[in-house]
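Asker: build the 3D model from these lines:
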Amino acid sequence: GDEAEQRGFAAAGGAKQRQEIAARDVERDVAQRFRTTRKTAADALDEAKLADLDAQGLPFAKESFDFVTCLEVIEHLILPEQALSEMHRVLKPGGHVVITVPNLQFIEYLGQLIRGKMPGPATDVRHMSVFTHRFLSEQLHRAGFTVTHRSGCDASPQWFAKISPRYLCKTIAVEGKKQQ
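Answerer: Numbering: from 1, shown residues only. Model (predicted):
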């Protein structure tokens, strides 16, 4: 349908030009703050729901959304595969998910490993899981998604992202599609 008629679910943020947007976050007050700040076009947030993705499913009906974003969230989960399965459940057939996570294969982190140090994402006590491009793609596939795009962001300089997102970007960005 028309994009203005589609529903989107933002796990940590918002989306422009969506008729209905809902948000959830792992921290109790973040979704409510997002709802009340209303400073951008993404402030069309209709509702805020709190959910512990390690303990329960998403508080939405099956096949409720056309698009799900999950930005810098699943690395904080003990069971990221459960969250991915829930995203698959709430997406309509043909729906898309975009996920970002810290990239354990970032060249700076690999250098830390070679020097016998734990790399940044692995030392963050809030991170319960770590990801590489391949591992995230495998997790998405197990959850029933087809990976339609893999990339990276947070490269310096930014054009490094075009050379090798696997090694020159601090963040992995992946899009997946739920089959019809």
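Asker: to what extent is Tyr167 buried, counted in neighbours?
Answerer: Tyr167 has 17 neighbouring residues, counting by other C-beta atoms under 10 Å. No exception for glycine: its C-beta is placed from N, CA and C like everyone else's.
Asker: quick check: Ile172 touching Arg134?
Answerer: No. Ile172 is not in contact with Arg134 according to C-beta atoms under 8 Å; the separation is 10.0 Å.
Asker: between these two, which one's more packed in?
Answerer: More crowded of Ile172 and Arg134, by other C-beta under 10 Å: Ile172, with 27 against 11.
Asker: now do the SS call for Asp54.
Answerer: At Asp54 the chain is in coil, as set by DSSP: H, G, I helix; E, B strand; the rest coil.
Asker: buried residues, stretch 106-117. List them.
Answerer: For stretch 106-117, the neighbour count (16 or more other C-beta atoms under 10 Å) marks Phe106, Tyr109, Gln112 as buried.
Asker: then stretch 57-64?
Answerer: Under 16+ other C-beta under 10 Å, the buried positions of stretch 57-64 are Leu58, Phe60, Ser64.
Asker: among these, which one sits closest to Ser129?
Answerer: Leu58 (17.9 Å; C-beta to C-beta).
Asker: the closest residue in space to the closest one that isn't next to it in sequence: how many residues sit nearby?
Answerer: In this structure, Leu58 finds its nearest non-sequential neighbour in Glu86, 4.6 Å apart by C-beta to C-beta, 6 or more residues apart in numbering. Look at Glu86: counted by other C-beta under 10 Å, it has 19 neighbours.
Asker: which of the three states applies to Glu86?
Answerer: Three-state call for Glu86 (three-state DSSP): helix.
Asker: likewise the one 3 residues further on?
Answerer: Here Arg89 is helix, with the state taken from three-state DSSP.
Asker: ok, it touching Pro59?
Answerer: No. Assessed by C-beta under 8 Å, Arg89 is found out of contact with Pro59, at 11.7 Å.
Asker: rewinding a little: reformat the buried residues of stretch 57-64 as CSV; add pLDDT.
Answerer: Listed next are those as CSV, based on pLDDT from 0 to 100:
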residue, pLDDT
Leu58, 91
Phe60, 92
Ser64, 94
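Asker: between the residues you listed, which sits nearest Trp159?
Answerer: Leu58 (36.7 Å).
Asker: the closest one is in contact with His88, isn't it?
Answerer: No. In this structure Leu58 lies outside contact range of His88 using C-beta under 8 Å: 10.3 Å.
Asker: so where is the protein shaky, pLDDT-wise?
Answerer: Residue ranges of the chain with pLDDT under 70: 1-48.
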